[in-house]
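[1] Provided below for reference: sequence and predicted model.
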Amino acid sequence: MDRMSHDLGDRRAPDEHSSSFDAAFEVTRFLFREIRRDLPGQIRNTAPRLLRVLADVTATFRSAHVVVLCYHRVRTRERFVDQMAALSARGYSVVSMPQFTDWLHGSPLPSRPAAVLTFDHCYDEQLENAVPVLDSLKFPATFFPLSAGLADRGPDVVGPGRSTLLALTKAGHTIGCHTHT
């Protein structure tokens, strides 16, 4: 039994949702390993307890058909590729925000389990590291840029301009509004 399995214990869903639960559980383990690599030593010692909490949260949502992943930073393209591969390998299809909201109103999803990918602030590193991967995999995502500065792009404005947002929508992504700061 590897360290992660030991930390998590053997948690299996006993009902008809077990395959969805197992996929969510595995994605949680994968994402936690990614997070854990970057933790300083003292925080790393609390990681097993945090992992158990994450496992409990995962168990709570074992019947969920959709997970929503919210990204703030995408530090390297390689890590993001690994994360998207983990979603695919575990049977998730990536759906757009409009498909997700339609599902919330009663429409069926194309397949289950599904994931929705969101990106807050629309940082340059998201555009550089995530968008090429999303586009190559044909994964739709929703970007929530800050609305300040969209009309007037001064040198101190952080985030994408209108042309970048238009290119994202032409590539099949959705644009939402984060805040105006």
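    In hand now; what should we look at? Numbering: from 1, shown residues only.
[2] alpha carbons only for contacts and neighbour counts from here, please
    Noted.
[3] can you pull the pLDDT of residue 46?
    Per-residue pLDDT puts residue 46 at 66.
[4] Next: residue 15.
    Looking at residue 15, its pLDDT is 44.
[5] With the one 4 residues further on instead?
    Looking at residue 19, its pLDDT stands at 50.
[6] Under the pLDDT cut-off, which ranges of the chain? List them.
    Along the chain, the parts satisfying pLDDT under 70 run over 1-28, 31-32, 34-47, 50-51, 54, 57-64, 149-159, 180-181.
[7] Longest strand in it, please.
    Counting by DSSP state E, the longest strand found in the chain is strand 114-121.
[8] how far away is residue 69 from residue 95?
    Applying CA to CA, to the nearest Å, the value for residue 69 to residue 95 is 11 Å.
[9] More neighbours: which of those two?
    residue 95 (20 against 11; other CA atoms under 10 Å).
[10] out of everything not next to it in sequence, what's closest to that one?
    residue 116 (5.5 Å; CA to CA, 6 or more residues apart in numbering).
[11] about what we covered before: and for the longest strand of the chain, what are the contacting residues?
    Applying CA atoms under 8 Å, 6 or more residues apart in numbering, the set of residues contacting strand 114-121 from outside is 65-72, 92-97, 100, 126, 140-146, 159, 178.
[12] among those residues, which ones are buried?
    Among the contacts of strand 114-121, those classed as buried by 16 or more other CA atoms under 10 Å are 65-67, 92-97, 100, 126, 140-146, 159, 178.
[13] follow-up on the earlier one: which residues touch the next helix-or-strand element following the longest strand of the chain?
    Per DSSP states H and E, the first helix or strand lying C-terminal to strand 114-121 is helix 124-125. Helix 124-125 has contacts (CA under 8 Å, 6+ apart) with 73-75, 159-160.
[14] how about the residues you listed, which pair is most distant?
    Largest separation among the contacts of helix 124-125 by CA to CA: 75 and 160, giving 17.5 Å.
[15] With neighbour numbers in mind, choose between those two.
    residue 160 (20 against 13).
[16] Wait, a strand at that one?
    No: assessed with DSSP: H, G, I helix; E, B strand; the rest coil, residue 160 is coil; it does not lie in a strand.
[17] Distance check, it against residue 136.
    Residue 160 is 21 Å from residue 136, where distance means CA to CA.
[18] cool, and residue 65?
    25 Å.
[19] same check, this time on residue 49
    The gap separating residue 49 from residue 136 is 37 Å, by CA to CA.
[20] go on, residue 120?
    Counting by CA to CA, the gap from residue 120 to residue 136 is 21 Å.
[21] ditto for residue 143
    Counting by CA to CA - residue 143 and residue 136 are separated by 17 Å.
[22] you'd agree residue 93 is up against residue 111?
    Yes: using CA atoms under 8 Å, residue 93 is in contact with residue 111, at 6.6 Å.
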